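Novice: sequence-free structure coming up:
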């Protein structure tokens, strides 16, 4: 009974208004650490001073430094998301100068691959996708320009405070700046849909809740969702503050303005992409005309096919916008002629626009609005950290700009802490505060709070340079430690999670890194950067599954016809919420609907099917074998190169001996078991149930008009090549290939 009374009392406290909250719930001093000013004490100290002090206090010694071969692989994956080439490994091992490690870091930071690697981390957090999600999952044809903006910002080391301001209010701060407008795609990154059956006010409220929560989570490391319905039960965030912050976005409207392509954007493939899609449109139009000529005498099956072509035509016409100089953006108030709410959402003319007021919604119920609120920010930062709240204008324009300046200020105690914690996590595998999106009471407390503040202060001193943080972390002893410890039993007893960093925790590479690495070592990776998303090779089962749009079948998935397109880095692939590449999915790819603060690393049987049995894995193993054969003639040299490509090292004597025996055995097998003939690509057929009659109809999806460039097939190579491909497949499936040590 006492437990029930305690729960009831807590519920009553949580449900009171923000005005009365202080009287009924005392401040939890321990819980408010993230709101307090950043302590910049001990500026002469280093990262290792903080780490080693905790180790000494725990009676632990740090592991020795890792081998140089391990370090170049670790650093190259961390900063580029790709394995080092054999030539790069040899060059680093041969450089015995005192500055070799620092020089390696600088070379990797200057690589164009760096922005692709770290841009992916940011896209995880903001939930980037090229489609809107929900039942129809409509395309966002210009979203790719936001993705490329993010990559450019990391590549150029744009100051993080400017990066924040542009994404929250670029259109208000610099309306003539192309990148500033493109940056506001952040405010639309979450899933969204409005259809003819949607209630406009509900759709709008869903968006406002989403953008309010996302902004606080991404930049401030706070979860505001609880405060939508009632005062936060754990953090000092009253419902009033939630809706005051939401009121900042009350004038934010969707826009798709024309923004000229910039010299730094990749437009080389736009003409060809447009031509290919226009050919599909022309073919679909011709099919519709064939039915239109006999409109009065169509059979039920013919009518269903005609209706399908109509739906497809709508989707294709929207997709053609990929190649137009438009931005997936927002504006303060609607932009005449450039609004982007979809055909079912009507906007008033800009001159007639009056923003709706924002009211507290008790229980989050839009049908029971409470007190009206004015735009404002979270008062907890002023209350616990002395960081004053800004005056937010009530005008149509300027609200987000004021919010952006407040978030991006060096005096905001949360902003720098949250970002350096994210950077630390991606290098070390775990944040100093382990819940990177939740610095509130329900998030785990920092393992090294003084170090977190030291890093935050250093970040600000370095003018918000992300690359400066990479240098500081990677030059530390903590980062360079071996992944094994001479007294592992003691470490596991006293620090089972390695939170004190006595050694470097090994971790599996992310799904995209795994795919990109397979392409790289096979010699098939295309390094073309930027532009509209491409469509990679995925499993036949996933490509052939029926997808629905607007109550009908969507066009079938079509991989990009040219290898140079479908074999580009995964960050440049089309991110479709309703159809994720199975290889990315099974290896714990990010959610495209929820902010992904940290990738999981589960182990499941389906991963073996993707990495060992899939057509992609076998095709790349064969491509790797073909690459090796072109470079080396003798079997021992081929094995040596295979190990250097996959692992960055040469095989041991035992490994070489076993590999030679394996090749010989498999070559003999393949001589007696020739591969089947090259398979013929089959058309995709789907079955649909009519909405009108309930009858089922079979529909053969049209083929891509562009010729498909096939991968190398086993029937085209010798038994020896197929044997080498089998060995390559084994290497690509090993822990040494998929883990960073």
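Specialist: Yep, that arrived. Here the structure is a predicted model, which is why all the values come from computation and not from measurement.

Novice: Please make it C-alpha for all contacts and neighbour counts, starting now.
Specialist: Noted.

Novice: Not counting its neighbours along the chain, what's nearest residue 143?
Specialist: Spatially, and ignoring its direct neighbours in sequence, residue 143 is nearest to residue 328 (5.3 Å; CA to CA, 6 or more residues apart in numbering).

Novice: do the same with residue 54
Specialist: residue 500 (6.7 Å).

Novice: Am I right that residue 336 is in a strand?
Specialist: No. Residue 336 is assigned coil when assessed by DSSP: H, G, I helix; E, B strand; the rest coil, not a strand.

Novice: and it, how far is that from residue 348?
Specialist: For residue 336, the distance to residue 348 equals 9 Å [CA to CA, to the nearest Å].

Novice: What of residue 182?
Specialist: From residue 182 to residue 348 the distance is 23 Å (CA to CA).

Novice: Neighbour count: the two, which is higher?
Specialist: residue 182 (30 against 13; other CA atoms under 10 Å).

Novice: my guess is that one contacts residue 148, does it?
Specialist: No. Counting by CA atoms under 8 Å, residue 182 stays clear of residue 148, with 9.4 Å between them.

Novice: OK, contacts around residue 429?
Specialist: For residue 429, the contact set (CA atoms under 8 Å, 6 or more residues apart in numbering) comprises 505, 507.

Novice: same deal with residue 728?
Specialist: 621-622, 624-625, 642.

Novice: Which helix runs longest in this protein?
Specialist: Across the chain, the longest stretch assigned as helix under DSSP state H is helix 270-292.

Novice: Packing partners of that one?
Specialist: Judged by 3 or more CA pairs under 8 Å, 6 or more residues apart in numbering; DSSP states H and E, the packing partners of helix 270-292 are helix 300-319.

Novice: The helix or strand that the helix it packs on is followed by - contacts with which helices or strands?
Specialist: The helix or strand immediately downstream of helix 300-319 is strand 329-332, counting by DSSP states H and E. Secondary-structure packing of strand 329-332 (3+ CA pairs under 8 Å, 6+ apart): helix 160-173, helix 178-183, strand 252-255.

Novice: one step back: can you pull the buried residues of the longest helix of the chain?
Specialist: Going by neighbour count (16 or more other CA atoms under 10 Å), the buried part of helix 270-292 is 274, 277, 280-281, 283-284, 288, 291.

Novice: try stretch 199-212
Specialist: So for stretch 199-212, counting by 16+ other CA under 10 Å, buried means 204-205, 207-212.

Novice: Doesn't residue 688 belong to a strand?
Specialist: Yes. Checked against three-state DSSP, residue 688 lies within a strand.

Novice: Verify the stated contact: it with residue 697.
Specialist: Yes. Between residue 688 and residue 697 there is a contact at 5.3 Å, judged by CA under 8 Å.

Novice: With neighbour numbers in mind, choose between those two.
Specialist: Set side by side, residue 688 and residue 697 show more neighbours around residue 688, with 19 against 16, by other CA under 10 Å.

Novice: pLDDT score for that one?
Specialist: With respect to pLDDT, residue 688 scores 87.

Novice: show me the contacts for it.
Specialist: 552-553, 696-699.

Novice: what's the helix or strand for residue 639?
Specialist: helix 635-647.

Novice: show me what contacts the residue lying closest to residue 585 once chain neighbours are set aside?
Specialist: Excluding the flanking residues, the one nearest residue 585 by CA to CA, 6+ apart is residue 511, at 7.8 Å. Under the criterion of CA under 8 Å, 6+ apart, the contact list for residue 511 reads 583-585, 587-589.

Novice: Residue 611 versus residue 511, what's the distance?
Specialist: For residue 511 relative to residue 611 (CA to CA), the value is 11 Å.

Novice: tell me, what's touching the two both at once?
Specialist: Common neighbours of residue 511 and residue 611 (CA under 8 Å, 6+ apart) are residue 583.

Novice: one step back: looking at the buried residues of helix 270-292, which two lie furthest apart in space?
Specialist: The span of these, defined through CA to CA, is set by 274 and 291 at 25.9 Å.

Novice: for the residue most central in space within the chain, what are its contacts?
Specialist: The centre of the chain sits closest to residue 124, judged by CA atoms, centre = their mean, with a distance of 2.8 Å. Counting by CA under 8 Å, 6+ apart, residue 124 makes contact with 590-592, 595-597.

Novice: which one of the residues you listed sits closest to residue 420?
Specialist: Nearest to residue 420 among the contacts of residue 124, with distances taken as CA to CA, is residue 597, at 13.2 Å.

Novice: tell me the SS of the closest one?
Specialist: Assigned by three-state DSSP, the conformation of residue 597 is coil.

Novice: coming back round to it: run the angle between the longest helix of the chain and helix 300-319 for me.
Specialist: Calculated by axes from the mean of the first three to the mean of the last three CA atoms, to 10 degrees, helix 270-292 forms an angle of 160 degrees with helix 300-319.

Novice: Which residues are in contact with the closest residue to residue 559 other than its chain neighbours?
Specialist: Using CA to CA, 6+ apart and skipping residues adjacent in sequence, the residue nearest residue 559 is residue 535, 4.8 Å away. With contacts defined as CA under 8 Å, 6+ apart, residue 535 is in contact with 558-560, 565-566, 573-574.
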